[in-house]
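Asks: Need the 3D shape of this:
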Amino acid sequence: MKKSIQKYLILSFLFFFPIFIYIFLASGINNFAKLPILTKNVLDIENIKGNEQGITLKDNISILGFWGGDINLRKSEALNLNQKIYKRFYKFQDFQFVFLTTKDQEENIKNLKEELTRGVGTDLQRWNFIFTDDNEIQKIYNSLATDIELSEENSTPYVFIIDRYLNLRGRDDDEDIGKLYGFNAESVAEINNKMVDDVKIILAEYRLALKKNDSLFK
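Replies: Predicted coordinates for the structure are as follows:
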C-alpha cells in the first residue's frame with residue numbers, strides 16, 4: 001500500500017511539475033515582457049528637412065540617435081552599437097537605426113560607414129542617416145521629453161528606443177537611476193547589461209502582437 005502511494009505521488013509529481021514550470025514561466029513573461037512607455041507622441045521624422053529617403057519612425061522599431069555635428073566623437077559609440085545591437089538584431093522585421101546629423105557631416109558619415117564595413121563587414125541597409133539642420137534636430141529631440149541634454153553640437157552619446165506607435169520606451173524603475181530614457185552608447189557595460197535586454201523585450205512584444213493579429217484572421 002505504501003509503495004503504491006509513493007508510486008502515485010511520483011507519477012503525480014512528474015505530471016504536474018512541468019505544467020507548474022510552464023505556468024510560472026508564462027506568468028513571468030506576461031509580467032516582465034513589456035517595456036514601459038516613458039513618452040508618448042514622439043514627433044516623426046518623415047517630413048523633416050533632409051529626409052529625402054522618406055524614413056519614418058512610425059510602424060518601425062527604431063534605435064534613434066542624435067549625433068548633430070559631432071560624428072568624429074561618436075565613432076566608438078557607433079562601433080559599440082554595431083557590434084552589440086545592430087549585428088544581433090538587424091534581421092528582425094521593421095528594426096532600424098536612425099541618426100540625425102547636420103548637413104556638414106556627410107563626408108564623416110561616409111568614412112564611418114567604411115569603418116563599419118571593414119573586416120568582416122556589416123550590412124548597413126538598416127543604418128539610416130538623415131542630414132538636417134539644428135532646428136529640426138532640436139525639435140525631434142525635445143519631443144522625447146527626457147532629462148538628458150544635447151551638447152552645443154546637438155549631439156549626445158545616448159540612443160533611444162522608439163516603438164511602432166511613436167512612443168519612447170525605457171525603464172521607469174532602473175536600479176541605478178530610476179527612469180532610464182536612453183542608453184549611453186559609450187558604455188559597453190550599459191549596452192550589454194541593459195540595452196540588449198530591452199531591445200529583446202520590445203522585439204518579443206512586437207512578435208507577440210503579430211501572432212495575435214495573425215490568429216484573428218485564421
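
Asks: thought Val159 was touching Gly182?
Replies: Yes - with contacts defined as Cβ atoms under 8 Å, Val159 counts as touching Gly182 at a distance of 5.9 Å. To be clear about C-beta, it is placed using only N, CA and C from the backbone, and glycine gets the same treatment.

Asks: What residue spans form the domains of the protein?
Replies: Domain ranges of the chain: 1-32, 37-216, per automatic domain parsing.

Asks: Would you tell me which one of the ones you listed is buried the most?
Replies: Using mean count of other Cβ atoms under 10 Å, the stretch among the domains of the chain with the largest mean neighbour count is domain 37-216, at a mean of 17.

Asks: Please compute how far that domain lies from its chain's middle.
Replies: In terms of Cα atoms, centre = their mean, to the nearest Å, the centre of domain 37-216 is found 7 Å from the chain centre.

Asks: re earlier: with mean pLDDT as extra columns, can I get the domains of the chain in a markdown table?
Replies: Formatted as a markdown table, the domains of the chain follow (pLDDT from 0 to 100):
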| stretch | mean pLDDT |
| --- | --- |
| domain 1-32 | 52 |
| domain 37-216 | 92 |
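
Asks: can you pull out the strands in this protein?
Replies: Assigned by DSSP state E, the chain shows strands spanning 37-39, 61-68, 95-102, 127-132, 158-162, 168-169, 171-174, 178-180, 183-184.

Asks: Name the surrounding residues that touch the second one.
Replies: With Cβ atoms under 8 Å, 6 or more residues apart in numbering as the test, strand 61-68 has contacts from 57, 74, 81, 85-86, 92, 94-102, 105, 134, 137, 140-141, 150-151, 153-156, 158-164, 185, 199, 202-203, 206.

Asks: who's in contact with Leu116?
Replies: Ala78, Leu79, Asn82, Thr122, Leu124, Trp127.

Asks: And these, which two are furthest apart?
Replies: With Cβ to Cβ as the measure, no two of the contacts of Leu116 lie farther apart than Leu79 and Leu124, at 13.2 Å.

Asks: separation between the nearest residue to Pro157 once chain neighbours are set aside and Arg74?
Replies: The spatially closest residue to Pro157, leaving aside those adjacent along the chain, is Glu186, at 4.6 Å (Cβ to Cβ, 6 or more residues apart in numbering). Separation of Glu186 from Arg74 (Cβ to Cβ, to the nearest Å): 9 Å.

Asks: Repeat that for Lys200.
Replies: 24 Å.

Asks: same check, this time on Trp67
Replies: Trp67 is 5 Å from Arg74, by Cβ to Cβ.

Asks: what touches both of the two?
Replies: Contacts common to Trp67 and Arg74, judged by Cβ under 8 Å, 6+ apart, are Ser155.

Asks: just to revisit the earlier point, which one of the contacts of Leu116 is nearest to Asn47?
Replies: For the contacts of Leu116, the closest approach to Asn47 (Cβ to Cβ) belongs to Trp127, at 21.0 Å.

Asks: Just grab the bridge partners of the residue nearest to the closest one when sequence neighbours are not counted for me.
Replies: The shortest distance from Trp127 to any non-neighbouring residue, by Cβ to Cβ, 6+ apart, is to Phe97 (4.9 Å). Counting by DSSP bridges, Phe97 is bridged to Ile63, Trp127.

Asks: Before I go, just wanted to say thanks for your time.
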